[in-house]
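Trainee: predicted model and sequence below, questions to follow.
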Amino acid sequence: MKIRTYIIVLAFIGLASCRSTRLIEGSEGVPVDLGLSVMWSDRNYGAWTDKGEGIELCWADSALSGRKLRRDRRVARPWGKGWKTPTGEQLDELMEQCTWTWHDEVPKGYMVTGSTGNSIFLPMVEHGYWSLAPDKDHRPYISYMYFNPSYPAMSYAEQTVARHIRPVLAKRGKRK
């Protein structure tokens, strides 16, 4: 009987990790201009520092997906108006137009430097970073960015997998 109870508790914890009622911790990011179409946050969503992993969220969470008007509500509410989950195109832009330098010390990750000379640190996270929308070639799967010490890349996954978010902010005059 104890094993059955333990399994039920673990299943409940797994389901609860993808609900929008989760308490959000961390501090609001600072926008960094890398010379791209948007400003990138200096930290992951839910992280207290630029090197912190932050929290993982399921894309299927109604606060990140769902109806167009509600999209990105989880990021916008605690961080302020304008912060969003990046699109697949914005993640591609980050990968293709910036210099990625691997750092092997703890925490492991990439220092990503833009044409402006400004940089952000992307910590190595187990499941990668969500994009805003479904993968255009593999609907209903959602695009995400992942990396290892050799390279960053895009892939796609089911909406129920928890991943990290590195928010973006539109440049002044370009907010939507």
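Mentor: On my side now, so go ahead.
Trainee: neighbouring contacts of the helix or strand hosting Gln90?
Mentor: Per DSSP states H and E, Gln90 falls inside helix 88-97. Outside helix 88-97, the residues that touch it by CB atoms under 8 Å, 6 or more residues apart in numbering are 34-38, 40, 86, 112, 114-115, 129, 131-133, 135-136, 143, 145, 152-154, 168. C-beta coordinates here come from the backbone N, C-alpha and C atoms, glycine included.
Trainee: ok, 7 Å please
Mentor: When contacts are defined by CB atoms under 7 Å, 6 or more residues apart in numbering, helix 88-97 is touched by residues 36-38, 40, 112, 131, 133, 143, 145, 152, 154, 168.
Trainee: next one: stretch 157-170
Mentor: 17-18, 29, 31, 38-41, 44-45, 53-54, 56-60, 65, 75, 79, 82-86, 90, 122, 125, 127-130, 141-142, 144, 176.
Trainee: just the buried residues of the residues you listed.
Mentor: In terms of neighbour count (16 or more other CB atoms under 10 Å), the buried residues within those are 18, 29, 31, 38-41, 44-45, 53-54, 56-60, 65, 75, 79, 82-86, 90, 122, 125, 128-130, 141-142, 144.
Trainee: so of those residues, which ones are in strands?
Mentor: 31, 38-41, 57-58, 83-84, 122, 129-130, 142, 144 (DSSP state E).
Trainee: quick one: low-confidence ranges for this protein?
Mentor: Applying pLDDT under 70 to the chain picks out residues 1-25, 60-78, 173-176.
Trainee: tell me where it has helices.
Mentor: With helices called from DSSP state H, the chain shows them at 2-16, 73-79, 88-97.
Trainee: what's around Val32, how many residues?
Mentor: If you count neighbours by other CB atoms under 10 Å, Val32 ends up with 19.
Trainee: now do Asp137
Mentor: Neighbourhood size, Asp137 [other CB under 10 Å]: 8.
Trainee: again with Ala47
Mentor: 21.
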